[in-house]
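[1] predicted coordinates and the sequence they were generated for:
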Amino acid sequence: MLNEQQRMMVESARRFVDEQIIQPRLDQALDRSAEFPHQIMKALWEQGLLNLEFPEEVGGAGLSCHDHVLVLEEINYGCLGIGTAAAANSLAGLPVMMSENAAARRKYLERLTEAPGYAAFACSEPDAGSDVANMSTRFVKKGDTYVINGRKRWISSADVADFYVLFAREQGTSGHRGVATFVIEAGTPGLRWESLIHKLGQRCSHTCDVVLEDVEVPAANLLAGPDHGFKLAMATFDRSRPWIAAGGAGVIRRARDESLRYAKERRTFGEAIINHQMVSAMIADMEISYQASRLMCLNAAAEVDAGNLRGSHSACAKAFAGDAAMRATTDAVQVFGGYGYTQEFVVEKLMRDAKLLQIYEGTSQIQRMVIARDLLRQLG
């Protein structure tokens, strides 16, 4: 059950999405143009729908993960690409929030709350992906400065970011040891983004490489020192994966609603196709998937709010919702038949967008590894 404040927040977000994304078909327009959604991001900021988990002392809403996923479900109902662009700021903000560097925490979180802006979370690499322990981006300490070299890949909002939260390892270390976390200003000499990646879906959320060549970072911008950065990365993923599950719940609900409306109107063999058992069964499965994904998302968010960052709660929610979203959106295309395979209707976009839920922030297979390892730890 939602309290009155949560109901008002959801209603506000739902109204915003309907009026500014769905009715003007902005989701489909941005998908075709692959333009970054600057105007809608500014509007989300003005409506107070961004930076929800940032603490109040830095201008954030100070809300819980539970509150945040309620809003994210609504935004992702409108467009998963816009949802990813919105969540990218929060993802970069989480390590800053959890850092013991109070000065950096205030400086950089306030940058996002005082005016519309962007931040990028730079962890994945070409040859490491989700395997943070095997990253190759390296740094050496020279006096009060850290010099970083390497390349990051699949970095959301890299081309528009005002600053980057970046993970690198100390030269000469390997595995979990030696990983540190830095915040780096855009425009720092030696830092650049390149290779805007053209994706199957979520096209308005931009993804790029980030290249570092002898980038000098002052000690004041160190968020977590060597041997603490890996833990910070893992804690970030444990806290952010419920957001992906919220995206899954949102797109499943959109697929259900689009399919239900179409199936009531489309007629074959003398009656509406909703009356055909196979069609109604697919739509019923969408509802089952939505209810299950939403509950798992809320459960994972509750664990985060309780401080239980064990890993498997968030991993279960992300894996289930991502896989369920892919099935539901594929079935939605099937409900629409030949029309579903065209750009005339939004369901083909929903299917393309949903695929990324099974890939980013750790694939569905990686989530299963996290879950299995957690079960083994519980056995002792």
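    Cool, got the structure. Here the structure is a predicted model, which means the values were calculated and not measured.

[2] what residues of stretch 331-346 count as buried?
    Of all the residues in stretch 331-346, those buried under the rule 16 or more other Cβ atoms under 10 Å are 331-336, 340, 345-346. To be clear about C-beta, it is placed using only N, CA and C from the backbone, and glycine gets the same treatment.

[3] out of the residues you listed, who's nearest Pro116?
    Checking these against Pro116 with Cβ to Cβ, the nearest one is Val346 at 26.7 Å.

[4] which phi and psi values does that closest one adopt?
    Backbone torsions for Val346, taken as degrees, to the nearest 10, come to phi -80, psi -10.

[5] ok, so what distance separates it from Asp27?
    7 Å (Cβ to Cβ, to the nearest Å).

[6] how about the strands in the stretch 101-250 of the chain?
    All strands of the stretch 101-250 of the chain, identified by DSSP state E, counting those that start in this stretch, fall at 119-122, 138-142, 145-156, 163-170, 179-185, 191-194, 207-218, 222-224.

[7] now do the third one, average pLDDT.
    Per-residue pLDDT values across strand 145-156 average out to 97.

[8] contacting residues for the residue nearest to Gly250 when sequence neighbours are not counted?
    Leaving aside its sequence neighbours, Gly250 sits nearest to Asn76 (Cβ to Cβ, 6 or more residues apart in numbering; 3.3 Å). Contacts for Asn76 (Cβ atoms under 8 Å, 6 or more residues apart in numbering) come out as 82-83, 246-247, 249-251.

[9] emit the ChimeraX select command for whichever of the residues you listed are buried.
    The following ChimeraX line selects those of the contacts of Asn76 that are buried, judged by 16+ other Cβ under 10 Å:
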select :82,83,246,247,249,250,251
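
[10] the contacts of Asn76 in helices, which ones?
    When DSSP state H defines the helices, the subset of the contacts of Asn76 inside them is 82-83, 246-247, 249-251.

[11] tabulate the residues you listed (JSON lines), appending distance to Pro116 and pLDDT.
    Shown next, in JSON lines, are the ones in helices among the contacts of Asn76 (distance: Cβ to Cβ, whole Å; pLDDT from 0 to 100):
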{"residue": "Ile82", "distance to Pro116": "14", "pLDDT": "98"}
{"residue": "Gly83", "distance to Pro116": "17", "pLDDT": "98"}
{"residue": "Ala246", "distance to Pro116": "22", "pLDDT": "98"}
{"residue": "Gly247", "distance to Pro116": "21", "pLDDT": "98"}
{"residue": "Ala249", "distance to Pro116": "26", "pLDDT": "98"}
{"residue": "Gly250", "distance to Pro116": "22", "pLDDT": "98"}
{"residue": "Val251", "distance to Pro116": "25", "pLDDT": "98"}
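
[12] of those residues, closest to Ala61?
    Ala246 (16.1 Å).

[13] Leu2 versus that closest one, what's the distance?
    Taking Cβ to Cβ as the measure, Ala246 falls 14 Å from Leu2.

[14] how about Asp209?
    Here the distance between Asp209 and Leu2 works out to 41 Å (Cβ to Cβ).

[15] and Arg253, by the same measure?
    According to Cβ to Cβ, Arg253 stands 16 Å off from Leu2.

[16] Glu303 and Ala158, how far apart?
    Distance from Glu303 to Ala158, counting by Cβ to Cβ: 30 Å.

[17] how about Gln378?
    From Gln378 to Ala158 the distance is 38 Å (Cβ to Cβ).

[18] more neighbours, those two?
    Ala158 (27 against 9; other Cβ atoms under 10 Å).

[19] got the contact list for the more buried one?
    So Ala158 contacts 120, 122, 152, 164, 193, 206-210 (Cβ under 8 Å, 6+ apart).

[20] need those in TSV (columns: neighbour count and distance to Ser312).
    Below are the contacts of Ala158 laid out as TSV (neighbours: other Cβ atoms under 10 Å; distance: Cβ to Cβ, whole Å):
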residue	neighbour count	distance to Ser312
Ala120	28	28
Ala122	31	26
Lys152	26	27
Tyr164	25	29
Trp193	21	34
His206	27	31
Thr207	24	28
Cys208	23	31
Asp209	19	31
Val210	27	30
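
[21] looking at the ones in helices among the contacts of Asn76, which is nearest Tyr290?
    Ala249 (6.1 Å).

[22] would you mind measuring from the residue of the chain positioned farthest from its centre to His276?
    Distance from the C-alpha centroid of the chain peaks at Gly270, with 43.9 Å (Cα atoms, centre = their mean). Noted for Gly270: a distance of 11 Å to His276, by Cβ to Cβ.

[23] kindly report the same for Lys107.
    From Lys107 to His276 the distance is 59 Å (Cβ to Cβ).

[24] got it, and Leu260?
    Distance from Leu260 to His276, by Cβ to Cβ: 13 Å.

[25] which of the two has more residues huddled nearby?
    Leu260 (17 against 14).

[26] on the three-state scheme, the more buried one is what?
    Secondary structure, DSSP: H, G, I helix; E, B strand; the rest coil: Leu260 is helix.

[27] give me every residue that touches it.
    Leu260 is in contact with 274, 283, counting by Cβ under 8 Å, 6+ apart.

[28] do the same with Gly93
    Neighbouring residues of Gly93 by Cβ under 8 Å, 6+ apart: 51, 53-54, 108-109, 112, 119, 165.
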